[in-house]
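# Predicted model and sequence below, questions to follow.
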Protein chains: 2
Amino acid sequence: MSIENLKDLYLHTLKDIYFAENQIQKALPKMASKAKSAELKKLFEAHLDETKGQITHLKEVFKILGEKAEGEECPAIEGIIEETEELIGEIKDADTRDAGMIAAAQAVEHYEIARYGTLLAWGELLGLDEAGTHLRAILEEEKAANAKLTNLGENKLNKKAA
Amino acid sequence: MSIENLKDLYLHTLKDIYFAENQIQKALPKMASKAKSAELKKLFEAHLDETKGQITHLKEVFKILGEKAEGEECPAIEGIIEETEELIGEIKDADTRDAGMIAAAQAVEHYEIARYGTLLAWGELLGLDEAGTHLRAILEEEKAANAKLTNLGENKLNKKAA
């Protein structure tokens, strides 16, 4: 895909995050299955449901643009998920693993927050208001998921690991 | 490195971000050299100086822990930087490339913000207050760098690309 202008870059980034959400959808059940804390497991499962809804939102955005919903390989999310899986394998103590998985999930959330923030800023300039409604809904969910992870880590699970 | 407890995980994450900062130190001059906007170039150069200072801060944290300053390969930052370099290569229009580089740099900043936030939370539980002073200084710089990128993008360079 050749990128000539901001509209092309917007579409490229949309395909990147679409790929990322699909990878996250695959990673979350593994993370949920490794969680010792019932609350963390529930949080990962709930975020899996949200992620499925976000993929539907993204399909709507592709439709608005008159483009086919397709991913474009995103080395960033691949790297973040690879690092997460390596880390899970390296930690033997279950409480420490929970703390590590919270941190890993927060790195994922921050990546998404950066990407959706960018798409919203570009979409505003491109007059893509309807697409913005979908992306804003996703961004709010990602920020809320990150806040829940912070809260569960700082108020409970990190202490168990310490 | 086998990770048995939160202290091990803290050290692992410190090595991860130390590796990441060193990769960022290598990537920033390339990004500065590709920037069309003089302001963006200056921003990347200023952040390169900050990054060098942050590496010094991290060396101090290793010293506080009585550990050797060394990186541990971080697939996450490698993926983010690989994606950035691919993107720079794919964009022919210089204004669009500037908008893309701002977005890429913000993905880097968000990764760092996630990691330093985690280290600060864990360090508090581990009683690593002096290390926290260094890490807090870095985190504030990363947040400020991200805000400057948002500002330059939204108020100036994205419009040029649109």
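Ah, there it is.
# Could I get the phi/psi values of the residue in chain A that chain B sits nearest to?
Nearest to chain B in chain A, going by CB to the nearest CB, is A:Gly79, at a distance of 2.3 Å. Heads up, the C-betas are built off the backbone N, CA and C, glycines and all. Torsion angles at A:Gly79 (phi, psi; degrees, to the nearest 10) stand at phi -70, psi -40.
# Then A:Ile3?
Torsion angles, degrees, to the nearest 10, at A:Ile3: phi -110, psi 110.
# Okay, buried residues for stretch A:155-162 please.
By neighbour count on 16 or more other CB atoms under 10 Å in any protein chain shown, the buried set for stretch A:155-162 is A:157-158, A:161-162.
# show me which of those residues neighbour chain B.
A:158, A:161-162 (CB under 8 Å from any CB of the partner chain).
# show me the contacts for the residue of chain A closest to chain B.
A:Gly79 makes contact with B:74-80, B:82 under the criterion CB atoms under 8 Å, 6 or more residues apart in numbering or on different chains.
# Among those, name the ones in strands.
Using DSSP state E, no member of the contacts of A:Gly79 sits in strands.
# Which one of those residues is nearest to B:Ala107?
Distance to B:Ala107, by CB to CB, is smallest for B:Ile80 among the contacts of A:Gly79, at 5.4 Å.
# Could you export stretch A:60-72 as PDB, CA atoms only?
Extracted C-alpha coordinates of stretch A:60-72, given in PDB (Å, rounded to 0.1, in the frame of the first residue of the first chain):
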ATOM      1  CA  GLU A  60     -18.300  -0.300  10.500                       C
ATOM      2  CA  VAL A  61     -15.600   2.300  10.000                       C
ATOM      3  CA  PHE A  62     -14.200   0.400   7.000                       C
ATOM      4  CA  LYS A  63     -17.800   0.400   5.600                       C
ATOM      5  CA  ILE A  64     -18.100   4.200   6.100                       C
ATOM      6  CA  LEU A  65     -14.800   4.600   4.200                       C
ATOM      7  CA  GLY A  66     -16.100   2.200   1.400                       C
ATOM      8  CA  GLU A  67     -13.100   0.000   2.100                       C
ATOM      9  CA  LYS A  68     -12.800  -3.800   2.700                       C
ATOM     10  CA  ALA A  69     -12.200  -4.600   6.400                       C
ATOM     11  CA  GLU A  70      -8.700  -6.100   6.400                       C
ATOM     12  CA  GLY A  71      -5.700  -6.100   8.600                       C
ATOM     13  CA  GLU A  72      -2.200  -5.000   7.800                       C
END
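# Can you point out the buried residues in it?
So stretch A:60-72, judged by 16+ other CB under 10 Å, has buried residues A:61-62, A:65, A:69, A:71.
# burial count for A:Asp93?
Residues near A:Asp93, counting by other CB atoms under 10 Å in any protein chain shown, number 18.
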